[in-house]
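**Q** Could you work out the structure for the sequence below:
(one chain, ligands or ions: 2)
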Amino acid sequence: RIPVYLDCDTGIDDSLAIAYLATSPAVRLVGVGTVSGNTSTEQAARNSLDLLALLDAGHVPVSIGARDHLAKDFDGGVPQIHGHNGVGDVALPRSPREPEAGTAAELLIRLSHEHRGDLRIVAVGPLTNIALALRADPTLPQRVRSLTAMGGAALVPGNVTAVAEANIWNDPEAASEVLSADWDVTLVPLDVTLENTLDEDDRARLLAAESEASRALGHMLDLYFDFYLPLYGERSCALHDPLAAAIAAGGVVPTVVPRVPMIVDTTDGPGRGQVIADLRNQRLGPVDHPNVRTRIVLDTDRALGPHLVEMITG
Ligand code: BDR
Ligand code: CA
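**A** Ligands and ions are numbered 1, 2, ... in the order given. Predicted coordinates:
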């Protein structure tokens, strides 16, 4: 089974990603690190611990990561999208477990030694922890099999500004460092996550399931569906984070995946937080830019929704 470290800002769709990774037979979830984004890093850790316990995965270590981002302080999150507690204001039963003593970056570095050459990183929040781990240990990419990150918008508008997607927007400096490091990076942008959805029928299946975790996820989705109503014209939601998880686990296979040079705009202008993927596949930016080619997922072999519900409800 594939050892996976998940870095997240738990979050309703992050919760779906946790549930997918904890229930996938292809995966061994070996650690979770949290970062501020949808909610604070502390709240994200509490949500992760509580959800993992409901999923019979209470043994998975959870570490609190960065509260603030590399260049800016945490802005307080998005309660209008993910609720005041990050999980749609659903009160999860409190797990007796507490977060690990060290930081998320420390947990990631430790796991990269324990699973040398095999560890896959799935990053579905701002990339702050991954950047901090890289700064602390620049040899990290040599021990990691792959990094699959949800973020960016290649050919579609952003969801925070005209060009910036939330995970990159929250920490463009971290994204720039992480995406230009020398590892096998797959970026899962809004272009493809917005195409994968859950609707009220899927939610009804989660609510009717026996497991308490499925039902809790069904309740969380109530608020998330409200947010997406104007975009989709019906009560449904995008599956941003679970798509990155399913791609890393092999449950969904990317079919259109150009490997192209990519940079992140870290200026303070209107382009801040934009991922610029050069689909012409030419040299990007200044001549001394490393011009690392990153895989960017633009399409997949099947829709994630039915597979995700089946996996979670067992
Ligand atoms: C991303 O931003 C967060 O709000 C979601 O959890 C997802 O990771 C989508 O832009
Ligand atoms: Ca997220």
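**Q** Do a quick rundown of the helices in the chain.
**A** For the chain, helices defined by DSSP state H occupy the ranges 12-23, 41-54, 79-82, 104-114, 128-136, 140-143, 166-170, 172-179, 190-193, 200-208, 212-232, 240-249, 304-313.
**Q** If you count neighbours, what's buried in the first one?
**A** Pointing back at helix 12-23 there. Buried residues in helix 12-23, counting neighbours by 16 or more other Cβ atoms under 10 Å, are found at 12-23. For glycine as for every other residue, the C-beta is placed from the backbone atoms N, C-alpha and C.
**Q** now, among those residues, which is nearest to ligand 2?
**A** Closest approach between the buried residues of helix 12-23 and ligand 2, by Cβ to the ion: Asp14, at 4.3 Å.
**Q** related to what we said a few turns ago, which of the buried residues of helix 12-23 are close to ligand 1?
**A** 13-14 (Cβ under 6 Å from any ligand atom).
**Q** got JSON lines for the buried residues of helix 12-23, with distance to ligand 2 and pLDDT too?
**A** Output for those, formatted as JSON lines (distance: Cβ to the ion, whole Å; pLDDT from 0 to 100):
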{"residue": "Ile12", "distance to ligand 2": "9", "pLDDT": "98"}
{"residue": "Asp13", "distance to ligand 2": "6", "pLDDT": "98"}
{"residue": "Asp14", "distance to ligand 2": "4", "pLDDT": "98"}
{"residue": "Ser15", "distance to ligand 2": "9", "pLDDT": "98"}
{"residue": "Leu16", "distance to ligand 2": "10", "pLDDT": "98"}
{"residue": "Ala17", "distance to ligand 2": "8", "pLDDT": "98"}
{"residue": "Ile18", "distance to ligand 2": "10", "pLDDT": "98"}
{"residue": "Ala19", "distance to ligand 2": "14", "pLDDT": "98"}
{"residue": "Tyr20", "distance to ligand 2": "13", "pLDDT": "98"}
{"residue": "Leu21", "distance to ligand 2": "13", "pLDDT": "98"}
{"residue": "Ala22", "distance to ligand 2": "16", "pLDDT": "98"}
{"residue": "Thr23", "distance to ligand 2": "18", "pLDDT": "97"}
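**Q** Mind checking the helices of the chain for the one nearest to Arg67?
**A** Arg67 sits nearest to helix 41-54 of all these, at 5.1 Å, using Cβ to Cβ.
**Q** which other helices and strands contact the closest one?
**A** Contacting helix 41-54 under the criterion 3 or more Cβ pairs under 8 Å, 6 or more residues apart in numbering; DSSP states H and E are the following elements: helix 12-23, strand 27-34, strand 62-64, helix 212-232.
**Q** With distance to Pro261 as extra columns, can I get the ones you listed in JSON lines?
**A** Listed next are those as JSON lines, based on distance: least, Cβ to Cβ, whole Å:
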{"stretch": "helix 12-23", "distance to Pro261": "28"}
{"stretch": "strand 27-34", "distance to Pro261": "28"}
{"stretch": "strand 62-64", "distance to Pro261": "33"}
{"stretch": "helix 212-232", "distance to Pro261": "30"}
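**Q** Any idea how many residues pack against the nearest residue to Trp169 once chain neighbours are set aside?
**A** Excluding its sequence neighbours, the residue lying closest to Trp169 (Cβ to Cβ, 6 or more residues apart in numbering) is Gly273, at 3.7 Å. By the criterion of other Cβ atoms under 10 Å, Gly273 has 26 neighbours.
**Q** go on, Gly269?
**A** Residues near Gly269, counting by other Cβ under 10 Å, number 7.
**Q** Over to Leu207?
**A** 15.
**Q** Next up, the contacts around Leu21.
**A** Each residue near Leu21 by Cβ atoms under 8 Å, 6 or more residues apart in numbering is listed here: 4, 6, 27, 29, 122, 245, 249.
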